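Participant: what follows is a predicted structure for the sequence shown.
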Amino acid sequence: MPVEKKASKKQLILSLRQEKGLQRAGEQEVREIQAEIRRRLGTEKPPSLSYIARILREAGIPVDYQDRFADPPMREPYATQLHGILHFHDLASAEESLRKLDAVYRQYREAADREGTMLVRALVLKGKQRAASLGSSPRVRPEKRQEKQEIARWFRVWLETPDLFFDWLELRKQSEEFQQMFPGLPVRVESLNEADRA
């Protein structure tokens with residue numbers, strides 16, 4: 001069955017789901033869809049397995065597939081509160097993301113919500129892994145690699161010592177090493193604890 005050039009990858013995934021009559025999908029079904037899309041697209045790059053799994057989930061299909069870069073599975077109210085909170089396009093977005101994640105983490109911790117705190121930690125760990133992966137990729141520009149390595153360090157330090165992280169970050173950004181690596185980056189001289197006391 002020929003596919004029109006204008007069909008998007010999302011449309012192809014949904015079309016294949018319908019053709020196969022999928023009511024649920026495991027890793028094998030996700031891989032089969034990827035292989036079929038690769039065949040139909042020819043030289044164009046097929047979507048990733050995690051993208052296919054996400055599109056199927058959004059279409060209401062239960063999907064039993066998880067990779068190390070995918071969002072940890074979560075139920076409500078966590079899914080809504082934590083959706084889209086993890087960002088690390090650059091140093092500023094990584095810091096803002098960590099501030100939001102830290103605030104939610106503290107709310108969960110104060111409420112003795114172990115599931116919530118574990119989900120926040122899982123998101124930060126995912127950020128660390130993704131940033132570290134980009135920081136070691138030869139396909140990424142050297143200056144971006146350096147930035148991603150720094151962001152991975154931030155995520156790692158937060159995971160090790162969340163209560164001291166923002167004080168550490170303030171000192172880190174004022175260090176000579178940081179200033180040489182990222183000249184001209186504004187230094188925010190306010191820890192989260194100071195903001196809470198104001």
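Facilitator: Done, it's in. Numbers count the residues shown, from 1 in each chain.

Participant: show me the strands in the chain, by range?
Facilitator: Along the chain, the segments classed as strands by DSSP state E run 25-26, 63-64.

Participant: can you give me the distance of the spatially closest residue to Ser137 that is not a sequence neighbour to Gly60?
Facilitator: Residue nearest to Ser137 in three dimensions, not counting chain neighbours: Arg145, with 7.0 Å by Cβ to Cβ, 6 or more residues apart in numbering. The way it works is simple: take the backbone N, C-alpha and C, and place the C-beta from them, glycine included. Counting by Cβ to Cβ, to the nearest Å, the gap from Arg145 to Gly60 is 39 Å.

Participant: then Glu29?
Facilitator: Separation of Glu29 from Gly60 (Cβ to Cβ): 15 Å.

Participant: now swap in Leu134 and tell me
Facilitator: From Leu134 to Gly60 the distance is 32 Å (Cβ to Cβ).

Participant: mind listing what the closest residue to Trp158 other than its chain neighbours touches?
Facilitator: Distances taken as Cβ to Cβ, 6+ apart put Phe165 closest to Trp158, at 4.5 Å, once the chain neighbours are dropped. Phe165 sits next to Leu98, Asp102, Trp154, Val157, Trp158 when contact means Cβ atoms under 8 Å, 6 or more residues apart in numbering.

Participant: the last one and Val124 touch, don't they?
Facilitator: Yes - with contact defined as Cβ atoms under 8 Å, Trp158 reaches Val124; the gap is 5.8 Å.

Participant: and for Glu110, the neighbour number?
Facilitator: 8 (other Cβ atoms under 10 Å).

Participant: same deal with the one 5 residues further on?
Facilitator: As a burial measure, the neighbour count of Glu115 was computed by other Cβ under 10 Å and equals 11.
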